[in-house]
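J.: Model the structure of this input:
(2 chains)
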Amino acid sequence: MSFLKTLFRSRTKQVNMTICGLDKAGKTTILNYLVRGEYYETLPTMGVNRDTIDFPKLKINIFDLGGQEDFRGLWNQINEKSDALVFVVDSSDQFRLQESKEIFYNIVNTQINEGIPVLILLNKVDIDNRVSRAEFLEEFELLQNELPFSWACYETSAKTGSGIFDSFSWFIQTLKEV
Amino acid sequence: MVYSNIEGGIILLVSAFTGYFLFISTTAAVFSNLFTIILFRQFLKKRTLGTILLTISFLFVSIAETFTAVGQYFYVFIGDNIYTGYFEVSFIFCYGIAYVFFYYFSNRHILQDKDFLKAITTIFSTALVSLISAFMFSDLLNNIVDPVFVDTIILYGPDVIQYLPSQIVGLAVYVPIFALIHIRIIVRLIKIRRDLENPVTKRGFTYILYSVVLMVLSTLVASFYIIPGVNEIPFVVGILHTFRGGTAIISIIFGYFGWILPDWLKRRIKGKAWIVSQMKKEITTKIAPIASSKTVNLSKADSIVEVSEQ
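T.: Numbers count the residues shown, from 1 in each chain, chains lettered A, B, ... in the order given. The predicted model follows:
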């Protein structure tokens, strides 16, 4: 019986991934870049955008969650079923860094399952007047706090594509191993 | 019909042409029923009004195709009888009702007619189809020698009888229905397609357009038998029947895939995601340099700000 189960079991692993972050952080632009490999102007996400990416032996269902306050109530339901989290921070918006941090810790402490990989993207690095890496790390207290999950932080630009491949390469590798 | 008596048993002999004719009709019936079931399963999953309207439309098409096939089987295996006529004449009624449901379904995404226009179109189409069908049934029921509404045509080659609406009746039913429903849908679809940028949605609407065009073609081809002399050329009869069955089947398939757009089809249309191609190293995208001084000339390894130890 177990042989039959093994025989007919899908060999493709299915993973749900959520992309969260404040509004205008660039979540949809990152998703578009992952799919199309190009920068596209986007409209604010009203609710949730859903897309699927098929890797060899890995299928990722991506939920790009609208960042506006009205839609943050939806996050909990989707995040609790998620197997991976991508958190996007707008590096050019220094004034909302604190708000972004609060939301990040709210998600990782109360919404996501234990042990799932988390990818933090410091996005919009193509903009000159932006928060530095050191400032970001200090503000987010990523090095001070011992976070109970594997995470990585990358600098990205969904406009130029910088860092997108490297960050998701790490993420997908981690997902395959989990 | 030809019967042969071999060693006491009676074997019904059906010519290859008749067999082929029946095969096409059966295939059309099987396909339409199959896609109706698949669509109904989609409805059970989605529970949307649009899907149930399309399912009902498909259901009437499948009833029409099944009745036509059954009518032809009756004629071939039992002989000419009133039931052949009843089954074949049901075709016009069932297709008419299918078109009305299809019109309602199209109104959700394509036409968006006002309630008044919807009511007029529905009432007019249903009344027209019902009345004409009733007159056709009446001709058959009363066994009228020279019927006004029904044309009985023997198709040479397959030697199958075909009960069709007479020329004027066929025009009276289909011209207004096509003008009110199908032509408007086709024109609107062409306009919608032109403005679309999303390749998936565009492909979906293209399939729908093909489906509607083929739906019209399928009905038009069926009416070609009415043209004097056409039924007497076996080759033409074979071609017409194949074309009609084929267009009906392909129309259903395009309709289903265009409206439902299953996930695997969406992914196929979109092609491989950029990140997948990158990871397979099939393509390399030139990433523009970062303008900031801190990130210029960063190596891949350096671009990682920090990775946890876990």
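J.: Any chance of the backbone angles for the residue of chain A found nearest chain B?
T.: In chain A, the residue found nearest to chain B is residue A:37; the distance is 2.9 Å by Cβ to the nearest Cβ. In short, each C-beta sits where N, CA and C put it, glycine included. Backbone torsions of residue A:37, given as degrees, to the nearest 10, read phi 70, psi 20.
J.: Could you give the separation of stretch B:58-66 from the chain centroid?
T.: Average the C-alpha atoms of stretch B:58-66, do the same for its chain, and the two points are 10 Å apart (Cα atoms, centre = their mean, to the nearest Å).
J.: Do you have the helices of chain A handy? List them.
T.: Listed in chain order, the helices found in chain A under DSSP state H are A:2-8, A:27-36, A:72-79, A:97-106, A:133-140, A:164-177.
J.: Can you show me the strands along the stretch 151-300 of chain B?
T.: With DSSP state E, counting those that start in this stretch, the ranges of strands along the stretch 151-300 of chain B come out as B:160-165.
J.: residue ranges with poor pLDDT in it?
T.: For the stretch 151-300 of chain B, applying pLDDT under 70 flags the ranges B:281-300.
J.: neighbours around the residue of chain A closest to chain B, how many?
T.: Close neighbours of residue A:37, defined as other Cβ atoms under 10 Å in any protein chain shown, add up to 17.
J.: The one 3 residues further on too?
T.: By the other Cβ under 10 Å criterion, the neighbourhood of residue A:40 contains 12 residues.
J.: likewise residue B:266?
T.: Residue B:266 is flanked by 16 other residues according to other Cβ under 10 Å.
J.: ok, now residue B:63?
T.: 21.
J.: Same check on residue B:155?
T.: Based on other Cβ under 10 Å, the number of other residues close to residue B:155 is 24.
J.: any idea how far it lies from chain A?
T.: Distance of residue B:155 to chain A, given as Cβ to the nearest Cβ, to the nearest Å: 48 Å.
J.: residue contacts, that residue?
T.: For residue B:155, the set of contacting residues under the criterion of Cβ atoms under 8 Å, 6 or more residues apart in numbering or on different chains consists of B:21, B:161, B:162, B:225, B:231, B:237, B:241.
J.: Go through those residues and flag which are in helices.
T.: Here DSSP H is the test, and these give B:21, B:237, B:241 as lying in helices.
J.: Please tell me how far the residue in chain B positioned nearest to chain A sits from residue A:176.
T.: Nearest residue of chain B to chain A, counting by Cβ to the nearest Cβ: residue B:274, 2.9 Å away. For residue B:274, the distance to residue A:176 under the criterion Cβ to Cβ, to the nearest Å works out to 19 Å.
J.: Comparing these two, which residue is more hemmed in?
T.: Here residue B:274 and residue A:176 are compared on neighbour count by other Cβ under 10 Å; more neighbours surround residue B:274, at 21 against 13.
J.: Setting aside sequence neighbours, what's the nearest residue to that one?
T.: With sequence-adjacent residues excluded and distances taken as Cβ to Cβ, 6 or more residues apart in numbering or on different chains, residue B:274 is closest to residue A:37, at 2.9 Å.
J.: Kindly provide the distance from the one you found to residue A:135.
T.: 30 Å.
J.: repeat for residue B:57
T.: Distance of residue B:57 to residue A:135, given as Cβ to Cβ: 61 Å.
J.: Repeat that for residue A:24.
T.: Using Cβ to Cβ, one obtains 19 Å as the distance from residue A:24 to residue A:135.
J.: just residue A:89 next, same as before
T.: With the distance defined as Cβ to Cβ, residue A:89 ends up 11 Å from residue A:135.
J.: same thing with residue B:116?
T.: On the measure of Cβ to Cβ, residue B:116 and residue A:135 end up 63 Å apart.
J.: Between the two, point out the one with more neighbours.
T.: When neighbours are counted by other Cβ under 10 Å, residue B:116 and residue A:135 differ, and residue A:135 comes out ahead with 13 against 8.
J.: Now do the contacts for that one.
T.: With contacts defined as Cβ under 8 Å, 6+ apart, the neighbours of residue A:135 are residue A:94.
J.: What confidence value was assigned to it?
T.: In this prediction, residue A:135 carries a pLDDT score of 83.
J.: any idea how far residue A:125 is from residue A:89?
T.: The separation that residue A:125 has from residue A:89, given Cβ to Cβ, amounts to 11 Å.
J.: Which residue comes closest to residue 64 once chain neighbours are left out?
T.: With no chain named, the answer covers chain A. Leaving out its chain neighbours, the residue that sits closest to residue A:64 by Cβ to Cβ, 6+ apart is residue A:49, at 4.0 Å.
J.: my bad, chain B
T.: Distances taken as Cβ to Cβ, 6+ apart place residue B:94 nearest to residue B:64, at 3.5 Å, with adjacent residues excluded.
J.: what kind of secondary structure is that neighbour in?
T.: Per DSSP: H, G, I helix; E, B strand; the rest coil, the secondary structure class of residue B:94 is helix.
J.: Compute the number of surrounding residues for it.
T.: Counted by other Cβ under 10 Å, the residues lying close to residue B:94 total 21.
J.: Just confirm it contacts residue B:61, I think it does.
T.: Yes. Contact status for residue B:94 versus residue B:61: in contact at 7.2 Å, counting by Cβ atoms under 8 Å.
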